[in-house]
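1. Predicted model follows, preceded by the sequence.
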Amino acid sequence: MAFFAPSVLGLGQDTMYLRRYSTHWRSYLGVHQPMNGAESKPLAHVGEVPLVVDIDGTLIRTDLLIENFFTMLAAKPWVALGIWRLPLRSKAWLKDYLAANSDLDVTTLPLNQPVVDFLLQEKAKGRHIYLASASNQRLVEALARHLGFIDGSFGSNEAVNLSGKAKADVLCRAFGERGFDYIGNDRVDFAVWRRCRVAIATNATARLVRQLKAERQDAVELAVPKAGIKVYLKAIRVHQWLKNLLVFVPLLASHDLTGHTIANSLLAALAFSLAASSAYLLNDLLDLPNDRVHPSKRHRPLASGRLPLIQGAVLAPLLLGVSTLCGGVVSADFLAVLAAYYIITLAYSLHLKRHMLIDVLTLAGLYTMRILAGSAAIDRPSSAWLLGFSVFVFLCLALIKRYIELVGSLKANKGNPKGRGYRLEDLSILSGLASASGYCSVLVLALYFNSPEVHVLYRNPSLLWLACAPLLYWISRLLLLAHRGELHDDPVVFAATDRTSLITGAVMVAIVLAAI
C-alpha cells in the first residue's frame, strides 16, 4: 500500500485542505499486508472516478457540530453556555471554535454501517475514497485516520463553511465536473449531486429522494434503517414511567380516595413522567461518550445514532413544557416540587453522578421527591415514616445499581467504569452498604407499624407485621442476584418486570388490604 505525503490544493482565498493518508483498510477486508515489506500492487481500475462521501448523517448517524456542543456542555458547561456571549462571526468560525475547545472522541461515533460496508466494497475494487464535510477539518481528519481506509478529506476551516455550493466548487476543482461520485443525505447536497457523475442518497427523506430522482434519473438510493415510533418511546424511556407510580403512594397511604385527589394524582404522575423523560433525554445528550463505551447503554437511541441529536435536543424542552403546564394545573406546591426535582436531576447529570456516594444519595432523594410530589398533589403532609422508608429502600436500590455496573466492567475486563466515582475494589463495600440500607428500610417499616398513626388508619394493624417478611425476602434476593451477576438491569425496572418481584409485591398489598 502506497504512502502519500500531504498535498494542498490551491483554491484562492477559499483554500481547503486535502489530506491523503496511509491506509489500513485491508484489515477491514481480511487482507494481510506483505510480511517482507514489499509494496503491494495498485488495485485502482483504469478510468474509475473517486468516491466522495459526506459525514454528518451520511457516514455517521449523528452531527459533529451538535456532538461537539454537547461534549463541551458536559465537560465545560460554563464555557459552552458562554458561547452565546461571544461575537459570532460565522458558522464556520463557530465550528472551528467548538472543535478546538471540545474533547470529542471520534472513535466512538456511531457509523452508518450500510454506508461503511458500501465504501469497503468500493475500496476493494480499487477506488479512492474521500471524505467531504461541512464539519471542521480537525474532526474530519481525525475520523479519516480512525477509519483507516480513507485516501483524503475536505473540511471547513475558520473562514469557510464547506457546504452546498462551496463544497461542490472544491470537489469540482479537485476532480473535475462529473469527475467523482458523491454520497449525501440532505437538501444542501443537491449542489454537489448536480455536478457529480453518480448521485447517491442515503438516510434521506422519501420526499428528498423523489426530488433527486426527478432531477437526476440515474440517482441511486442506499437504503438504511429509519427511526420508528419504538425508537422515540425507548428514547423517552416510557418503561421508566413505572417509577412515577410512587406519586400515588401518599394517596393510598392516606386512604383519602376522592374524585379530586385521584384526578390530581393522575395529572401529577403524568407531569412527573414527562419531566423525567425530558431529564432522561438531556442526560443521554450529556453522557454520550460514556454511554457509547458501555456494554448496554451504547444501544440507547441517542448514543447509537438511531435518534438524531437535534431531535432529542428539541424533544427535551418540549416535554418539559407540557410537564410544567400539567403541574401548574395540579397546584403551586406540586409545581415547586417538580421544579426542584428537575433542577436536581440536571445537577446530577452534569456533575453529581461522577462523585461516589453523592450520586446514590441523590438518586434516593429523587425517588423520595416523587412521594413528596404525591403529597403536594393531594394537599396532605408527608409522613416522616414513609419518607424515611423511601430514602433507605431507594438508597439500597441505587447502591445495587452501581454494584451491577462494577460487576459488568469486571466481567468484561474493562477496568473501572468511566464517568463514575467507583473502582472495582469497591465491590465489597458497595454490597455491604446496600445490605445495610435495605435492612434499615425494613426496620423503619416495622417501627411505623408500631406507631400511633397505624392504629388510626388500620383496623387490624397487627397484620401489617407480616409485610416485613416478603420485603426482607425481596431485598435479600436482589442482593444475591446482583452478587451472582444475574441482575443486569436497573433494579427498579427489574422489580417491575420480574415475576417473583411482582408476586412478592402482590403479597404485601394483600396483607395491607387485609389490615385495613
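-> Nice, I can see it.
2. check contacts around the residue most central in space within the chain.
-> Nearest to the geometric centre of the chain sits residue 284, at 3.2 Å (CA atoms, centre = their mean). Listed by CB atoms under 8 Å, 6 or more residues apart in numbering, the contact partners of residue 284 are 235, 291, 300, 301, 302, 303, 312. No exception for glycine: its C-beta is placed from N, CA and C like everyone else's.
3. and the second one, how many neighbours?
-> Using other CB atoms under 10 Å, the number of residues around residue 291 comes to 22.
4. rewinding a little: downstream of the host helix or strand of the residue nearest to the centre of the chain, the next helix or strand is which one?
-> Taking DSSP states H and E as the criterion, the element that holds residue 284 is helix 259-286. Moving toward the C-terminus from helix 259-286, the next helix or strand (DSSP H and E) is helix 288-291.
5. what helices or strands is that following helix leaning on?
-> Helices and strands touching helix 288-291, by 3 or more CB pairs under 8 Å, 6 or more residues apart in numbering; DSSP states H and E, are helix 64-75, helix 301-304.
6. Ok, which of these comes nearest residue 295?
-> helix 301-304 (11.8 Å; CB to CB).
7. Show me the contact partners of the closest one.
-> 61, 110, 227, 231-232, 234-235, 281, 284-285, 288, 291-292, 297-298, 307, 309, 312.
8. same thing but at 7 Å, please
-> Applying CB atoms under 7 Å, 6 or more residues apart in numbering, the contact partners of helix 301-304 are 110, 231, 234-235, 284-285, 288, 291-292, 297-298, 307, 309, 312.
9. can you pull the alpha-carbon coordinates of it into PDB?
-> Provided in PDB are the C-alpha atoms of helix 301-304 (Å, rounded to 0.1, in the frame of the first residue of the first chain):
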ATOM      1  CA  PRO A 301     -31.300   5.700  20.600                       C
ATOM      2  CA  LEU A 302     -29.200   8.800  21.000                       C
ATOM      3  CA  ALA A 303     -25.900   7.000  21.700                       C
ATOM      4  CA  SER A 304     -26.400   4.600  18.800                       C
END
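10. can you name the farthest residue from the center of the chain?
-> Going by CA atoms, centre = their mean, the residue of the chain most distant from its centre is residue 459, 48.9 Å out.
11. where does that residue land in three-state SS?
-> The local conformation at residue 459, judged by DSSP: H, G, I helix; E, B strand; the rest coil, is coil.
12. heads up, I number from 434, so please use that
-> Shifting the count to begin at 434 puts that one at residue 892.
13. Grab the nearest non-local neighbour of it.
-> Nearest residue to residue 892 in three dimensions, chain neighbours excluded: residue 949, at 6.6 Å (CB to CB, 6 or more residues apart in numbering).
14. That neighbour contacts residue 891, correct?
-> Yes - Residue 949 lies in contact with residue 891 (CB atoms under 7 Å); the separation is 5.8 Å.
15. So which of those two has more stuff around it?
-> Neighbours were counted for residue 949 and for residue 891 using other CB under 10 Å; residue 891 has more, 17 against 12.
16. For that one, give its distance to residue 852.
-> When CB to CB, to the nearest Å is the yardstick, residue 891 and residue 852 sit 46 Å from each other.
17. got it, and residue 594?
-> 33 Å.
18. out of these two, which sits in the busier spot?
-> Taking other CB under 10 Å, residue 594 and residue 852 do not tie; residue 594 has more neighbours (20 against 13).
19. wait, the more buried one sits on residue 529?
-> No - the criterion here is CB under 7 Å, and residue 594 misses it with residue 529 at 9.8 Å.
20. How about the contacts made by residue 800?
-> Residues in contact with residue 800 (CB under 7 Å, 6+ apart) are 679, 823, 827.
21. For the first one, which non-adjacent residue is closest in space?
-> Nearest-residue entry for residue 679: residue 803, 3.9 Å, with adjacent residues in sequence omitted and distances by CB to CB, 6+ apart.
22. what does the longest strand seen in the chain contact?
-> Longest strand in the chain, counting residues (DSSP state E): strand 562-569. By CB under 7 Å, 6+ apart, the residues outside strand 562-569 that reach it are 483-489, 497-498, 528-529, 532, 552, 555-556, 573, 576-577, 582-589, 594-596, 600, 604.
23. same thing but at 6 Å, please
-> Here strand 562-569 makes contact (CB atoms under 6 Å, 6 or more residues apart in numbering) with 483-485, 487-488, 497, 528-529, 532, 552, 556, 573, 577, 583-589, 594-596, 600.
24. Can I get that strand as CSV, trimmed to CA atoms?
-> Output in CSV follows, covering the C-alpha atoms of strand 562-569 (Å, rounded to 0.1, in the frame of the first residue of the first chain):
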residue,chain,number,x,y,z
ILE,A,562,-12.4,7.1,-1.1
TYR,A,563,-12.6,10.7,0.1
LEU,A,564,-14.5,12.5,2.9
ALA,A,565,-16.1,15.9,2.2
SER,A,566,-17.9,17.6,5.1
ALA,A,567,-19.0,20.9,6.3
SER,A,568,-17.6,19.8,9.7
ASN,A,569,-14.3,21.3,10.9
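25. could you give the angle of that strand to helix 497-508?
-> Taking axes from the mean of the first three to the mean of the last three CA atoms, to 10 degrees, one finds strand 562-569 and helix 497-508 inclined to each other by 50 degrees.
26. which helices and strands sit right next to the helix or strand that strand 562-569 is followed by?
-> The C-terminal neighbour of strand 562-569 among helices and strands, as given by DSSP H and E, is helix 570-580. With contacts taken as 3 or more CB pairs under 6 Å, 6 or more residues apart in numbering; DSSP states H and E, helix 570-580 sits against strand 562-569, strand 585-589.
27. domains of the protein?
-> 440-655, 661-815, 816-949 (automatic domain parsing).
28. now the ones you listed in JSON lines, with mean pLDDT?
-> Below are those laid out as JSON lines (pLDDT from 0 to 100):
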{"stretch": "domain 440-655", "mean pLDDT": "80"}
{"stretch": "domain 661-815", "mean pLDDT": "92"}
{"stretch": "domain 816-949", "mean pLDDT": "90"}
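29. what's the neighbour count on residue 777?
-> So residue 777, with other CB under 10 Å, has 16 neighbours.
30. mind checking the SS state of it?
-> With three-state DSSP as the basis, residue 777 sits in helix.
31. likewise residue 921?
-> Under three-state DSSP, residue 921 comes out as coil.
32. any idea how far the nearest residue to it once chain neighbours are set aside is from residue 930?
-> With CB to CB, 6+ apart as the criterion, residue 921 has its nearest non-adjacent residue at 6.9 Å, and that residue is residue 837. Separation of residue 837 from residue 930 (CB to CB): 15 Å.
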